[in-house]
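**Q** What follows is a protein structure lacking sequence information:
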C-alpha cells in the first residue's frame, strides 16, 4: 500500500470534524491573507525594481527597547531562571499590578489572585473558551475582528453570534441589538479596544454600559487590550478594569507585543475577576509550562518603564498624522484613531473612468498589484481596508519619504467614493 493511499484511508479519515474531518486539506478556497501573500509575490515579480510598501502587517517595525533586551540577557545567564515557570513568577505579577495602577488607574488588583501571565494574548484567547463553553453555548463577538476566541468556541461545540461594528456607532457594538434569547444563552462577550481593525476606542460610558448589560444577562466579558497603552493626542489609556463593577463580570488581557515592540517574545497577562483568573490558570496549567523566567523578568522591567510605550506611541501618532493627510488629499475620508496603529478607511467605489471596486478586497488587490502598496481588506461590515503605520522606516525623514511615495503612486488616478 502506498503512503498516499494509507494517508487517504487512515489519516485523512481520522481528522476531527472541528478542522474539517475527512475533507481536511481539500478545500480549494483561498483565504484572505493567502490572497494577499500571493498578490505581493506577483507584484514583486512583475515590478522587481519598485519598492513594495507593506502597510498591512500589524507588527512593530522596531526592536524592543535596549533596556529590556539587556535585562533578558542578564537574566538568561542566571542558573535560577532555567526551569519551568508554570503559572508565572511573583515579580512579573507584581509589576503587572503596578502597571495597571500607574498607566490605567486601576485600583485594588491583587497580583497573587487576580493576575496570571500568559504566553502572549493569542494563547489566552484560545484557552478561555475551555473555561466556559459547553456544546450549544454562545460567544458574542464583534465583526470585523480577531477570530481566535470564536474559533475555539466552535471547536468546543459552541456557537458564535456576531455584532457588526459600524461607523455610525463609532465602531462600538450596539448591545441593544443583541436578541434577548441570544443574550440569555450567551456565556461570553468578547471586546477589543482600541480595536483591530477599526482603530476605534471605547469610552468609560460604554464600558459602564457593558458592565450593566453583562450583569443583567450573566455574561462574562473578555476584554482584549493589546493596544490599550498606544493612545494619541492627549487621550489617556483606558482599561475596562478601571470601570466600577468590571472585575465582577470579567477579565482583561494585556500583551507587551504591540506596546513594547516585543511581538516574538510572547508575554502578556490576564487580570481581573479572581475566580476567572483561577479557572484560566487551571486550564493554562494543562496547556503549557509557562514562559521562560528570564523573559518574564525582562517584561517586568518593561512594565515598570511605561515611558518606553509613550515614545513608541509618539512615533505612531506622527505617522498617523502624515498618512491621514496624504489619503485625504486624494479624496479619502480618513480619520486619525485615538489609539492602536491601525487606520481603517472606507474603500472607494472605483477609479473615475476606469475599474470598479466591488469590495474592500477588490480595492486591496488593486493597491498591491498595481500600486505595490499592501493593506488588509475587511468586508464584514462594509467595504474597508486597514492600513498599519508599522511600515518599515528608519527615522522621521524616511517616514516622510514612504508617505510621500504612497501619495505619489495614488495621485495618478482619481478615486470615486
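**A** The structure has been received and is ready for your questions. Since we're looking at a predicted model, the values are computed, not measured.
**Q** pLDDT below threshold where in this structure?
**A** 1-8 (pLDDT under 70).
**Q** And for the longest helix anywhere in it, what's in contact with it?
**A** If you go by DSSP state H, the chain has its longest helix at helix 307-328. Residues outside helix 307-328 that contact it (Cβ atoms under 8 Å, 6 or more residues apart in numbering) are 60, 62, 65, 67-68, 103, 229-233, 259-261, 302, 334-337, 341, 343, 345, 387, 389-391, 393, 396, 399-400, 403-404, 406-407. (Glycine included, C-beta is placed from N, CA and C.)
**Q** In helices only, show me those residues.
**A** Among those, the residues falling in helices (DSSP H) are 67-68, 103, 259, 302, 396, 399-400, 403-404, 406-407.
**Q** For PyMOL, write a command that selects the buried ones of those.
**A** Only the buried members of these enter the following PyMOL selection, criterion being 16 or more other Cβ atoms under 10 Å:
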select buried, resi 68+103+259+302+399+403+406+407
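**Q** how many neighbours does residue 263 have?
**A** Here the number of neighbours of residue 263 (other Cβ atoms under 10 Å) works out to 16.
**Q** Residue 360 too?
**A** Residue 360: 25 neighbours (other Cβ under 10 Å).
**Q** what's the spacing between stretch 256-274 and its chain's center?
**A** When C-alpha coordinates are averaged (Cα atoms, centre = their mean, to the nearest Å), stretch 256-274 and its chain have centres 11 Å apart.
**Q** ugh, typo on my part, it should be stretch 122-130
**A** Counting by Cα atoms, centre = their mean, stretch 122-130 comes out at 14 Å from the chain centroid.
**Q** do the same with stretch 321-328
**A** On Cα atoms, centre = their mean, the centre of stretch 321-328 falls 23 Å from the chain's centre.
**Q** and that stretch, which residues are buried?
**A** 322-324, 326-327.
**Q** okay if I get those residues as JSON lines plus distance to residue 132?
**A** Putting the buried residues of stretch 321-328 into JSON lines (distance: Cβ to Cβ, whole Å) gives the following:
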{"residue": "322", "distance to residue 132": "43"}
{"residue": "323", "distance to residue 132": "39"}
{"residue": "324", "distance to residue 132": "40"}
{"residue": "326", "distance to residue 132": "45"}
{"residue": "327", "distance to residue 132": "41"}
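**Q** Okay, and residue 131 sits in which element?
**A** With secondary structure defined by DSSP states H and E, residue 131 is part of helix 121-132.
**Q** contact partners of that helix?
**A** Helix 121-132 is contacted from outside by 118, 139, 146, 148-149, 151-153, 155-156, 158, 187-188, 220, 222, 224, 226, 253-255, 257, 268, 270, 276, 279-280, 283-284, 287-288, using Cβ under 8 Å, 6+ apart.
**Q** which residues in the stretch 151-300 of the chain form helices?
**A** 180-185, 204-217, 246-249, 256-259, 274-285, 293-303 (DSSP state H, counting those that start in this stretch).
**Q** a markdown table for those helices, including distance to residue 24?
**A** As requested, those are exported to a markdown table (distance: least, Cβ to Cβ, whole Å):
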| stretch | distance to residue 24 |
| --- | --- |
| helix 180-185 | 30 |
| helix 204-217 | 36 |
| helix 246-249 | 37 |
| helix 256-259 | 30 |
| helix 274-285 | 26 |
| helix 293-303 | 34 |
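**Q** nearest to residue 51, of those?
**A** helix 256-259 (24.8 Å; Cβ to Cβ).
**Q** Show residues contacting the closest one.
**A** 58, 60, 120-121, 226-230, 262-263, 265-268, 299, 302-303, 309, 312, 341.
**Q** among those, which ones are buried?
**A** Using 16+ other Cβ under 10 Å as the burial test, the contacts of helix 256-259 include 58, 60, 120-121, 226-230, 262-263, 265-268, 299, 302-303, 309, 312, 341 as buried.
**Q** Do I have it right that residue 76 meets residue 296?
**A** No - using Cβ atoms under 8 Å, residue 76 is not in contact with residue 296, being 11.4 Å away.
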